[in-house]
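Quick one: sequence plus predicted model below, questions after.
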Amino acid sequence: MIKKAFIAVSAVLIALALAACGGGDPFEVSIYSEQPEITTYQEYLEANPGIPSQGTEPILSAGNDKGVITSRGLEFKDSNGNGKLEPYEDWRLTPRDRAGDLVERMAVEEKLALLNWRSLNLGGEDEGFGIPGLGAGGETEEGTPAAQLAAGNRYALQAPVAPLDVLTYFNNVQGYVERLNWGIPMILSQDPTHDYWFGNEIPDYQYSTWPFMMGLGAINDLGLTKRFGEIVRDELRMSGYHVLLGPQADLATEPRWARIQHLLHADGDIVARHIEVLVKSMQGYDLDKNSVGVDGIITVLKHFPGAGSNQEGMDSHTRAGRYAAFPGGNLEEHLKPFEAAIEKAEVGAIMMAYSIIDPDQTGYEAVGSAYEYQIATELLKNQLGFDGTVVSDHSIATNAAWGVEDLSEPERLAKMLNAGTYQNMPGDNDGWWLTAYEDGLITDETINAAAIRTLELQFKLGLFENPYVNLAEAREFWNPEGKAMQDRMAKGFDAMRKAMVLTENPEVAPYIQLLPITATNPDYVSAVDTNGNNRVDVYFDSPFPDADSGQEKTYAFSSDSQYLEANFVDSIAEADIAIIRINARGGTYFGTQGGVPLDFQSPTRVFDHDSDQYTDETIPNYVDFGGWQFGDWSNGSGAGMVGQGYRSYLGYQESLAAITRAIQAKQANPDLKIILGMTASRPGIIEPFLKDVDGVFIDFAATDRAFLDVVFWQEGAAPKGTLPVEIPSSMESVRNQLEDIPGDTQDPTYEIGYGLEYNTGSGYGN
């Protein structure tokens, strides 16, 4: 084992701090304000005697029991098991000092292992939750060998799983690493999940369900954004997670980007205010300590220095979309949310963008942001003052090594680390790191600086004292019949309703508007009744496969709808009002070789970066989205990327068919009123339909139930949103706009900030 000592100024600081603790306030620089709860794995097992032994026996046979040290009437965990209170075990010290002491004791291989962010790969269909922990063969349920944990890997990404199915497993993983050499806890992370769902297909992992992040931008209520952050924090910690790989601080300036719905707004100042609130609420910001709260989660703000201006709306997962474009010279605007998070919220970590920040427009080196010293160190650290951990996006040393393709994997990791990006995500790269070290490509000083900042996360969150989730508290927290869980669910549901934006609402009679539908009002009924039956006949059509409106899974509701006295009919020919929900035309998460159009007609053409223009080659629109159809992210043809799909993908036929059916019905019955609702996963072009429709809503992910509550003004539910992005009127205007400038298409259908309210004067709204 290679081990080299390094002289650390922190050792002197630690000694001074320890001396001060001897007779002063033990909580002066600590993350704690009182004696923290110290919990060992043995104590956790004693408190939970029902845990299956087949999950715990492999753990108890590894390493050694860890005890508790008492000093000056205070308790500390003996993380290395030597019976002595070491500085890194002393919670009275700052997280930075504790991390520095521990790194000084570690071998270089152990420190290098901290620079990997792995994946546990537990999926919802995996068997083994009945044996929660390490299997008898020494492996976790889906191929994370215990040997990798023993080697020092402590950072893992895990897809969401129902919390009560996986908590005991996570606790057992913590027990295993506690018993190893230094007792370093695991950091378990998750991608943003609360706004990540498909239509009405609400996931079964029990998290509260919210609109897209863009829905929060549409509502633009900092109080609600704060509550969202608090709920995300609490739900993740009660699931065993410590880090959110988000939120996204990118500005929504390029309307074609497939991930735009996960952004808050196009305006940098608005995004900055919401990001500050999100980071503080998610991290459980401790005002007295000016730091992350012990019960918080670490946020990994992404994607620095801003990925919202992807060239032509492509995506930098893939080679074709590897550039972020700043033709308007607007990089400073895109930095505002990051500045706010750093200066005002003590953000814990930053994720670098895949993108090459176009060198012709900025002067930066033509390499991915994580590899560029001028971005990761000079801009992020020296100019903006960030001093936390910096992580790469996924697989930049392998699949997405933009600009460094000619380097070997060890050389890529070395360039990344020397640029100032401390952790590579995800992968088993220990061998590559060691090769880079042995070849002299990275120094002990650089490794130590990175290792200290990564370990600081565990100390900031208090995991060295207690990494375990209390199972009894978790069962109460996740009780679907409990008030706490129902309140969380209701908050997200209400946000879906508030985020809806009303953009068209004509009068159907003097002083009576089409929306909301008020089927109990005689004047309203008289105004919309086309067949003289003295009632409002409503037809509903939607591309979403699962309706939660109280009806069976169907495109049209049956007549026993709960919505007032409206009569839902099964044929649009019988309707007075047709409510048509559509998806905006979607892009693909991994991008294509050209920007996917926002209208429903244009083909997707291949873009040639060198000539800066589109070719005549078109990318096929796959309709079978059954699985990943690619392995090489550089993908020469681009066709495989389309097959993977995203949201409504490129196969937008169902949405187009729904609105076409309605327009054809109106041609047969000109008195038919059409209410169009578009779920804006991207700001879709609906200009061609407006002459044939009457009312228009734009939502940012609302279930059918939430959507119809607003349409029918149930329980006072009314549209409260304004557009966080503009809705372009044509693809020509989109092609002519600048990727880094907000709201700059010519003659947009609706501008940023547009939105109507229900007419309170008519007595139908609020």
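Arrived safely.

for the record, mean pLDDT for stretch 535-549?
What stretch 535-549 shows for mean pLDDT is 69.

And this protein, what are its domain boundaries?
95-107+120-126+157-492, 500-585+672-762 (automatic domain parsing).

So which of those is nearest residue 596?
Minimum separation from residue 596 across the domains of the chain (Cβ to Cβ) falls at domain 95-107+120-126+157-492, 6.1 Å. Glycine gets a C-beta too; all of them are placed from N, C-alpha and C.

just to revisit the earlier point, can you flag the weakest of the domains of the chain by average pLDDT?
Mean pLDDT values for those show the minimum at domain 500-585+672-762, a mean of 87.

quick revisit: identify whichever of the domains of the chain lies nearest to residue 69.
Of those, nearest to residue 69 by Cβ to Cβ is domain 95-107+120-126+157-492, at 11.9 Å.

what's the distance between the residue nearest the centre of the chain and residue 207?
Centroid check for the chain by Cα atoms, centre = their mean gives residue 192 as the closest residue, at 2.5 Å. Residue 192 is 11 Å from residue 207, where distance means Cβ to Cβ, to the nearest Å.

one step back: surely the residue nearest to the centre of the chain meets residue 241?
No - with contact defined as Cβ atoms under 8 Å, residue 192 does not reach residue 241; the gap is 11.7 Å.

Single out the most deeply packed of the domains of the chain.
Highest mean neighbour count among the domains of the chain (mean count of other Cβ atoms under 10 Å): domain 95-107+120-126+157-492, with a mean of 22.

excluding its backbone neighbours, what's nearest residue 235?
residue 207 (5.3 Å; Cβ to Cβ, 6 or more residues apart in numbering).

same question, residue 342
Nearest one to residue 342, counting by Cβ to Cβ, 6+ apart, is residue 386 at 4.9 Å.

Pretty sure the one you found sits in a helix.
No - according to DSSP: H, G, I helix; E, B strand; the rest coil, the state of residue 386 is coil, so it is not within a helix.

and it, what does it touch?
338, 342, 347, 350, 380 (Cβ atoms under 8 Å, 6 or more residues apart in numbering).

ok, now which ones touch the third one?
Spelled out, that is residue 347. 279, 283, 299, 301, 341, 386, 388.

Which members of those are the farthest-apart pair?
Longest distance between any two of the contacts of residue 347 is 14.5 Å, between 283 and 386; criterion Cβ to Cβ.

Distance-wise, check the residue nearest to residue 171 when sequence neighbours are not counted relative to residue 240.
In this structure, residue 171 finds its nearest non-sequential neighbour in residue 468, 5.1 Å apart by Cβ to Cβ, 6+ apart. In this view, residue 468 and residue 240 are 9 Å apart by Cβ to Cβ.

what kind of secondary structure is the residue lying closest to residue 409 once chain neighbours are set aside in?
Leaving aside its chain neighbours, residue 409 sits nearest to residue 432 (4.7 Å; criterion: Cβ to Cβ, 6+ apart). Secondary structure, three-state DSSP: residue 432 is helix.

Residue 432 touches residue 413, doesn't it?
Yes - here residue 432 reaches residue 413: they are 5.5 Å apart, a contact under Cβ under 8 Å.

Quick check: neighbours shared by these two?
With Cβ under 8 Å, 6+ apart, residue 432 and residue 413 have common neighbours residue 397.

And the pLDDT at the nearest residue to residue 94 once chain neighbours are set aside?
Once flanking residues are discounted, residue 94 sits nearest to residue 29: 5.0 Å by Cβ to Cβ, 6+ apart. Listed pLDDT for residue 29 reads 96.

that older thread, would you list the domains of the chain in CSV and tack on distance to residue 616?
Shown next, in CSV, are the domains of the chain (distance: least, Cβ to Cβ, whole Å):
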stretch, distance to residue 616
domain 95-107+120-126+157-492, 16
domain 500-585+672-762, 15
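
of all the ones you listed, which lies closest to residue 61?
domain 95-107+120-126+157-492 (9.4 Å).

chain center to that closest one, what's the gap?
How far domain 95-107+120-126+157-492 lies from its chain's middle: 9 Å, per Cα atoms, centre = their mean, to the nearest Å.

Tabulate the contacts of residue 386 (TSV), appending secondary structure and distance to residue 696.
Compiled in TSV, those are given as follows (DSSP: H, G, I helix; E, B strand; the rest coil; distance: Cβ to Cβ, whole Å):
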residue	secondary structure	distance to residue 696
338	helix	35
342	helix	40
347	coil	38
350	strand	39
380	helix	42
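
Greatest separation within the residues you listed: which pair is it?
Greatest spacing in the contacts of residue 386, by Cβ to Cβ: 347 and 380 (11.1 Å).

if I look at the residue nearest to residue 342, how far off is residue 187?
With Cβ to Cβ as the criterion, residue 386 and residue 187 are 19 Å apart.

who's in contact with residue 474?
163, 164, 167, 238.

pLDDT weak spots in the stretch 1-150 of the chain?
Within the stretch 1-150 of the chain, the segments meeting pLDDT under 70 span 1-23, 54, 119-147.

repeat that for 80
1-23, 52-55, 57-58, 118-150 (pLDDT under 80).

returning to what we had before: in TSV: the contacts of residue 386, plus distance to residue 178.
Conversion of the contacts of residue 386 to TSV gives the following (distance: Cβ to Cβ, whole Å):
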residue	distance to residue 178
338	35
342	33
347	28
350	29
380	33
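
ok, of those, which one's closest to residue 233?
Each of these was scored against residue 233 by Cβ to Cβ, and residue 347 proved nearest at 13.9 Å.

For the closest one, which non-adjacent residue is closest in space?
Per Cβ to Cβ, 6+ apart, closest to residue 347 is residue 341, 3.9 Å.

same check, this time on residue 709
Ranked by Cβ to Cβ, 6+ apart and with sequence neighbours excluded, the top spatial neighbour of residue 709 is residue 717, at 4.3 Å.

what sits against the one you found?
Residue 717 touches 494, 497, 706, 709, 710, counting by Cβ under 8 Å, 6+ apart.
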